[in-house]
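Q: okay, sequence plus prediction incoming.
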Amino acid sequence: MNVLMVTRLFVMMFLQYAVWNAWFSVLSAALEGLGFSDLQTVSIYSLLPLACIISPFIGGQIADRYVNTEKFLGIAHLAGAVLMLLMSTQLMAAEPSFGRFYVAMFVYSLLYAPTLALTNSLTFIHLTNVERQFGLIRVGGTIGWIAAGVGITIWRRALGVYPGDCLQLAAVLSLLLGLFCFSLPKTPPKREGTKPWAFLEAIRLMQDKVFLMFILISFIVATQLQFYFILTAPFLISIGIAEADVGGVMTIGQVTEILAMVVFLPWLLPKYGVRKCLLIGIAAWLLRYAVFSVGEPTWLVVASLALHGFCYVFFFIVGMVYVNSVASEDIRGSAQALHTFVTLGLGLFLGSYLCGWVWDMFRDPATNIANYTYIFLIATILTLLCVVLFLLMFREPEKKRATT
């Protein structure tokens with residue numbers, strides 16, 4: 001690959017995940033401060049997973065058959081910037097409306113969801129050795145996630161914490177990304193010699209028993225991710241971390257994610273395969289929730305955030321590489337959409353409400369204080385069950401890895 005292409009793909013990933021984390025890690029604490037109920041907060045956080053159920057197949061179908069992927073990405077992110085600004089003004093209203101905010105976030109999520117799969121498929125198309133090169137490109141997204149977390153902390157230190165601040169930062173980043181996407185390598189759809197409905201061909205991949213087991217396990221594990229995304233910010237505040245610092249503190253997981261992606265993944269995945277690498281991710285998940293359930297000392301809880309990097313890389317990134325390896329070139333956008341649908345869609349959507357139910361169950365109605373020891377103990381037990389199911393049900397797939 002030439003340096004210019006690598007740079008463009010890296011910047012795309014940087015901005016893609018910077019947009020997401022500008023609001024995702026800290027919005028729950030902001031909504032709680034505005035008086036939104038636990039159910040309302042969880043409902044808002046369930047919208048991106050819901051959109052990952054509805055729209056990725058549509059986006060994948062369009063990019064695989066009708067419109068250049070880079071153009072689709074540019075339009076989606078420019079429209080997303082407008083919606084982020086609209087939502088920021090709604091939160092700064094004298095009486096924020098849950099209904100209006102909910103609708104705007106849902107429309108935004110429908111636009112953002114397909115871009116998660118399409119940035120992956122676009123990258124895979126332009127790589128010459130996926131297993132060794134994808135991590136080096138995808139680490140741009142991790143750095144972007146860190147930059148957004150640090151960025152919102154700097155923003156708040158300079159301007160103070162106010163409703164909608166994280167959404168304003170997301171709007172700026174989304175605008176930059178939308179414009180940048182039009183400079184990405186041209187990625188036209190595959191029209192010749194292909195069947196018209198790419199998403200149906202992607203679904204047929206599940207006729208393979210190994211791939212079907214991978215999809216089922218991915219779904220089960222993904223249901224537990226919302227305990228981290230929704231609850232970590234208020235949990236950290238409850239043990240003494242300043243609200244303004246939460247975004248920066250939570251980037252510890254992304255620092256180790258860089259290490260896992262650049263150093264460990266290119267070495268471990270070719271050597272040990274999909275099964276063992278996925279197991280590393282799930283085991284790291286289990287250990288992190290176990291530490292959260294203990295809840296002290298504070299330094300240990302903060303240090304355990306480093307495990308998130310291994311959770312994400314060895315579960316999500318390995319999963320993306322595996323999906324690319326079993327999908328033919330003309331359906332890779334839709335195959336990545338299927339993975340997004342199962343994990344970031346169904347898994348996170350159902351996980352949102354499971355998380356909200358547990359959060360509400362262990363909140364003292366008299367003091368309105370949540371018992372995070374019991375909350376994360378539930379997450380620990382559920383993740384342990386996932387480990388057992390994984391060991392019993394998933395077998396190493398035959399080596400069938402694409403290099404183009």
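A: Looks like it arrived, so ask away. Residues are numbered from 1 along each chain as shown.

Q: list the contacts for residue 317?
A: By CB atoms under 8 Å, 6 or more residues apart in numbering, residue 317 lies in contact with 134, 135, 138, 261, 265. Using the backbone N, CA and C atoms, a C-beta is placed for each residue, glycine as well.

Q: what's near enough to touch the fourth one?
A: What it means is residue 261. Counting by CB under 8 Å, 6+ apart, residue 261 makes contact with 135, 136, 138, 139, 142, 309, 313, 317.

Q: what is the burial count for the nearest residue to residue 250 once chain neighbours are set aside?
A: Nearest non-adjacent residue to residue 250, counting by CB to CB, 6 or more residues apart in numbering: residue 25, 5.1 Å away. As a burial measure, residue 25 scores 26 neighbours (other CB atoms under 10 Å).

Q: I'd say residue 25 and residue 231 touch.
A: No: using CB atoms under 8 Å, residue 25 makes no contact with residue 231, being 11.1 Å away.

Q: ok, which stretches of the stretch 301-404 of the chain are helices?
A: For the stretch 301-404 of the chain, the helices defined by DSSP state H, counting those that start in this stretch occupy 307-312, 318-326, 332-340, 348-361, 372-393.

Q: could these go into a markdown table alongside mean neighbour count, mean pLDDT and distance to residue 85?
A: What follows is the helices of the stretch 301-404 of the chain, written out as a markdown table (neighbours: other CB atoms under 10 Å; pLDDT from 0 to 100; distance: least, CB to CB, whole Å):
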| stretch | mean neighbour count | mean pLDDT | distance to residue 85 |
| --- | --- | --- | --- |
| helix 307-312 | 24 | 89 | 29 |
| helix 318-326 | 23 | 83 | 31 |
| helix 332-340 | 29 | 79 | 26 |
| helix 348-361 | 21 | 86 | 25 |
| helix 372-393 | 17 | 87 | 34 |
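
Q: okay, those helices in TSV with distance to residue 211 next?
A: Conversion of the helices of the stretch 301-404 of the chain to TSV gives the following (distance: least, CB to CB, whole Å):
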stretch	distance to residue 211
helix 307-312	21
helix 318-326	6
helix 332-340	10
helix 348-361	21
helix 372-393	13
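
Q: so which of the ones you listed is nearest residue 162?
A: helix 348-361 (25.0 Å; CB to CB).

Q: other SSEs contacting that closest one?
A: helix 38-45, helix 47-54, helix 225-238, helix 372-393 (3 or more CB pairs under 8 Å, 6 or more residues apart in numbering; DSSP states H and E).

Q: can you find the helix or strand of this structure with the lowest average pLDDT?
A: The weakest-scoring helix or strand in the chain, judged by mean pLDDT, DSSP states H and E, is helix 56-65 (a mean of 67).

Q: which helix or strand lies directly C-terminal to it?
A: Following helix 56-65 in sequence order, the next helix or strand is helix 69-91 (DSSP states H and E).

Q: what angle do the helix or strand that that following helix is followed by and helix 318-326 make?
A: Of the helices and strands lying after helix 69-91 in sequence (DSSP H and E), the nearest is helix 98-125. Angle of helix 98-125 versus helix 318-326, following axes from the mean of the first three to the mean of the last three CA atoms, to 10 degrees, is 50 degrees.

Q: quick check: what element follows helix 98-125 along the chain?
A: Next along from helix 98-125, by DSSP H and E: helix 130-159.

Q: so which elements touch that next one?
A: When contacts are defined as 3+ CB pairs under 8 Å, 6+ apart, helix 130-159 packs onto helix 3-24, helix 98-125, helix 165-181, helix 243-249, helix 252-259, helix 265-294, helix 318-326.

Q: now do it, average pLDDT.
A: Computed over helix 130-159, the mean pLDDT rounds to 85.

Q: likewise stretch 7-19?
A: Across stretch 7-19, the average pLDDT comes to 95.

Q: what ranges in the stretch 101-250 of the chain fall below the confidence cut-off?
A: 131, 190-199 (pLDDT under 70).

Q: show me what contacts the closest residue to residue 239 other than its chain neighbours?
A: Leaving aside its sequence neighbours, residue 239 sits nearest to residue 298 (CB to CB, 6+ apart; 5.4 Å). Shown in contact with residue 298 (CB under 8 Å, 6+ apart): 239, 240, 241.

Q: mind putting the residues you listed in a markdown table, distance to residue 89 included?
A: Listed next are the contacts of residue 298 as a markdown table, based on distance: CB to CB, whole Å:
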| residue | distance to residue 89 |
| --- | --- |
| 239 | 33 |
| 240 | 32 |
| 241 | 28 |
